[in-house]
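J.: sequence unknown, structure follows:
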Ligand SMILES: CC(=O)SCCNC(=O)CCNC(=O)[C@H](O)C(C)(C)COP(=O)(O)OP(=O)(O)OC[C@H]1O[C@@H](n2cnc3c(N)ncnc32)[C@H](O)[C@@H]1OP(=O)(O)O
Ligand SMILES: CC(C)C(=O)C(=O)O
């Protein structure tokens with residue numbers, strides 16, 4: 001049957017109350033009402049499978065934990081289970097002293113007796129009796145006149161008075177009486193008041209405080225807008241006699257979806273108390289939701305006197321007991337209510353958090369309250385025990401702001417605005433293509449792979465080691481003391497080893513700062529010509545990394561010829577993070593360059609013509625050594641070997657092959673050449689710690705092929721101790737001019753490589769001091785051993801003289 005074109009022929013409107021003086025519209029909320037949970041009665045009676053005693057007990061405990069002080073626990077005369085549940089609560093001392101349990105009974109003697117028996121012995125109970133009072137119920141259900149309806153209520157109220165008094169005498173139980181004119185909102189307002197007056201008279205002992213009688217005025221079926229309920233409540237409150245001896249209770253249902261509004265306007269109309277259920281369970285569309293009402297008050301700054309500090313736990317318990325889901329969009333409690341998918345919402349939330357953090361810092365400084373004022377979020381999820389995890393979720397409706405928020409939360413990276421836009425395109429392409437939500441993992445993985453961020457996402461180029469030095473001042477190592485700003489007057493040199501498509505290359509360049517020096521090196525050695533258009537950085541103080549602050553750098557590069565063009569020309573972004581600001585900037589440049597070159601672009605091979613003094617020759621020779629032997633020679637060692645190589649090229653009058661370069665290096669420095677004749681040969685050594693600053697080295701060493709001798713020496717480190725030991729046998733002075741070390745290989749294969757520039761000073765003929773120096777290099781699984789071996793290799797290259 002279709003919907004009627006003239007519904008007025010089937011449905012009648014509610015009859016408005018003529019209340020020209022109504023006050024409730026100008027009233028405001030000032031305090032929480034008395035709450036009664038009827039989950040275990042009105043909620044339970046509406047379930048497909050009413051709760052078991054265990055479930056009701058669990059639910060009862062959760063209500064107590066949430067600070068509900070009045071709990072309608074059962075309709076005890078309905079079944080043995082209901083009766084047993086009430087007895088169980090009492091006998092197992094489940095009811096805290098400040099909690100009133102409430103039980104419901106119809107106006108029938110046998111059922112009233114059973115109801116009172118159920119609560120006998122408890123400390124305090126609210127005895128709740130009801131009979132329907134509206135015209136339809138009078139005529140259809142009870143076939144009673146108005147007088148008979150009043151008689152029914154009065155007669156059974158008197159019986160309740162008598163039986164509860166007997167119970168008090170016998171068991172000490174204290175009672176409050178509650179009467180409900182069921183179907184109140186469909187009852188003639190004057191008749192509802194008339195029957196309540198009659199009940200109050202029959203009860204005959206309404207007083208103040210705990211002596212007050214409760215008149216519970218239900219919208220058993222919600223049939224009118226909430227303003228009508230407010231009118232009915234205000235009218236009742238105005239007209240009922242001895243108002244001070246009456247608690248006016250509201251019991252809204254939700255048939256029109258306005259149960260919350262009815263309860264709130266009913267309170268403005270004069271209601272003192274609200275009966276409802278957690279998350280709105282109850283007959284048909286449910287009872288009014290107490291959680292929702294309480295949190296509405298909370299967001300007005302009014303203590304609700306209910307505690308939902310762990311709302312998810314409450315949801316879990318309630319849903320496990322009544323087997324009803326809490327819908328995803330449910331106020332405060334739904335899974336999605338603190339989640340923004342759409343771009344403009346996410347953007348506003350991100351900005352809101354940033355602004356609020358600053359505002360709160362100011363308030364703390366001034367000792368003022370830190371008010372919550374966040375776009376789209378009426379309450380702080382943290383107050384309900386929720387994290388901010390779910391606040392922003394990303395799909396094809398999302399924008400850059402939300403994605404940036406997630407990266408900040410999860411990777412601690414605060415991307416510059418233009419990079420947010422760039423990364424947004426990456427995410428948007430995936431979410432459009434896959435037509436699904438992008439999880440945090442999806443987004444962080446997309447970010448890592450787009451910007452080669454993290455060891456598992458290395459690009460074609462990555463930084464191995466580097467040195468930044470001011471030009472003309474070779475000794476100044478910039479690692480850790482160099483600014484990445486490019487506005488420095490001093491020109492800088494970048495000397496470094498980068499991994500290029502898996503092999504190592506030594507590159508060198510210069511510029512106004514570390515980043516432009518690196519770009520120059522890339523241009524010179526790899527024909528990659530880029531310029532920086534935007535650079536920014538911030539520190540990361542994240543708990544993951546303990547106390548160590550790290551720097552995050554962001555770089556936008558453009559093809560060098562586009563350096564001056566507008567932001568619309570093609571550009572690539574990169575990111576780098578490191579505890580060293582210079583290294584984080586350099587990583588960011590390489591990250592951007594990796595994006596720019598992609599997988600396709602072929603990079604120039606290492607092209608060696610060591611015999612010629614081309615601009616790049618020295619770096620190319622160093623590249624051969626690093627790619628063939630894994631040795632990242634320090635800059636001055638590169639120069640020393642380059643000279644050796646040039647001499648050799650002149651000597652043979654030809655270019656030298658890659659293998660030839662490697663062999664020459666090994667022979668020159670006795671590297672990996674155990675059979676080479678040695679002047680000083682180490683058989684064994686051991687290192688001891690003398691005190692906090694001093695070490696002692698002792699060992700067995702052979703000099704010029706002689707028998708091994710035990711020697712020892714001390715110093716502030718292993719190498720100075722070694723030199724001190726050698727000085728016991730060698731005339732003159734050995735001193736270390738330069739030392740450098742790095743690791744080779746990864747995981748269990750890792751070794752240390754050490755480089756030493758050793759100076760030797762000895763008295764020559766006619767007492768003239770003769771100075772010489774040599775480089776030594778060695779590797780070992782033990783870093784100290786590699787240093788010791790490097791020193792001995794250098795010694796073997798020097799014309800050392802033994803003491804007499
Ligand atoms: C709006 C509300 O939520 S009210 C609470 C409703 N909750 C429940 O009903 C749950 C528990 N109820 C029950 O277990 C049963 O209904 C019982 C045990 C109370 C009574 O069971 P039964 O005796 O089989 O009666 P039944 O369930 O058919 O109820 C209808 C009878 O109760 C009468 N009745 C209904 N409400 C009331 C009342 N408040 N006071 C007195 N009698 C009432 C009806 O007029 C009808 O009487 P009739 O049989 O003489 O025509
Ligand atoms: C018993 C009464 C209060 C009731 O549950 C209702 O009218 O909904």
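T.: Received, thanks. Predicted model, so just to flag it, every value in this text is computed and none were measured. Ligands and ions are numbered 1, 2, ... in the order given.
J.: so which bits of this protein are right by ligand 2?
T.: 42, 104, 130, 180, 182, 216, 218, 220, 251, 253 (CB under 6 Å from any ligand atom). C-beta: built from backbone N, CA, C; applies to glycine.
J.: show me what contacts the fourth one?
T.: Put plainly, it is residue 180. Residue 180 makes contacts with 128, 129, 130, 215, 216, 217, 218, 251, as judged by CB atoms under 8 Å, 6 or more residues apart in numbering.
J.: likewise for residue 104?
T.: 41, 72, 74, 75, 115, 128, 129, 130.
J.: next helix or strand past the helix or strand containing it?
T.: Counting by DSSP states H and E, the element that carries residue 104 is strand 100-106. Toward the C-terminus, strand 100-106 is succeeded by helix 109-119 as the next helix or strand (DSSP H and E).
J.: list the buried ones in that following helix?
T.: 111, 112, 114, 115, 116, 117, 118, 119 (16 or more other CB atoms under 10 Å).
J.: the closest residue to the third one other than its chain neighbours and residue 153, how far apart?
T.: So the one you mean is residue 114. Among residues not flanking residue 114 along the chain, residue 77 sits closest, at 4.3 Å (CB to CB, 6 or more residues apart in numbering). Distance from residue 77 to residue 153, counting by CB to CB, to the nearest Å: 17 Å.
J.: centre of the chain to the longest helix anywhere in the chain, how far?
T.: Longest helix of the chain, by residue count under DSSP state H: helix 146-171. Distance, stretch centre to chain centre, for helix 146-171: 59 Å (CA atoms, centre = their mean, to the nearest Å).
J.: quick one: it near ligand 1?
T.: No - shown here: helix 146-171 not in contact with ligand 1 (CB under 6 Å from any ligand atom), separated by at least 6.7 Å.
J.: ok, stretch 122-133 next?
T.: Yes - contact of stretch 122-133 with ligand 1 (CB under 6 Å from any ligand atom) involves 130, 131.
J.: pLDDT of that stretch, averaged?
T.: Per-residue pLDDT values over stretch 122-133 give a mean of 98.
J.: got it, and stretch 553-562?
T.: 91.
J.: neighbours around residue 307, how many?
T.: 13 (other CB atoms under 10 Å).
J.: ok, now how distant is the nearest residue to residue 718 once chain neighbours are set aside from ligand 2?
T.: Excluding its sequence neighbours, the residue lying closest to residue 718 (CB to CB, 6+ apart) is residue 784, at 4.8 Å. Taking CB to the nearest ligand atom, to the nearest Å as the criterion, residue 784 is separated from ligand 2 by 84 Å.
J.: quick one: contacts of the helix or strand where residue 784 lies?
T.: Assigned by DSSP H and E, residue 784 falls within helix 783-796. For helix 783-796, the surrounding residues in contact (CB under 8 Å, 6+ apart) are 669-671, 676, 678-682, 685, 687, 697, 718-719, 722-723, 726, 730, 734, 736, 739, 741, 751-758, 760, 774-780.
J.: please pick the buried ones from these.
T.: Counted by 16+ other CB under 10 Å, the contacts of helix 783-796 give 669-671, 678-682, 685, 687, 697, 718-719, 722-723, 726, 730, 734, 736, 739, 741, 752-758, 760, 774-780 as buried.
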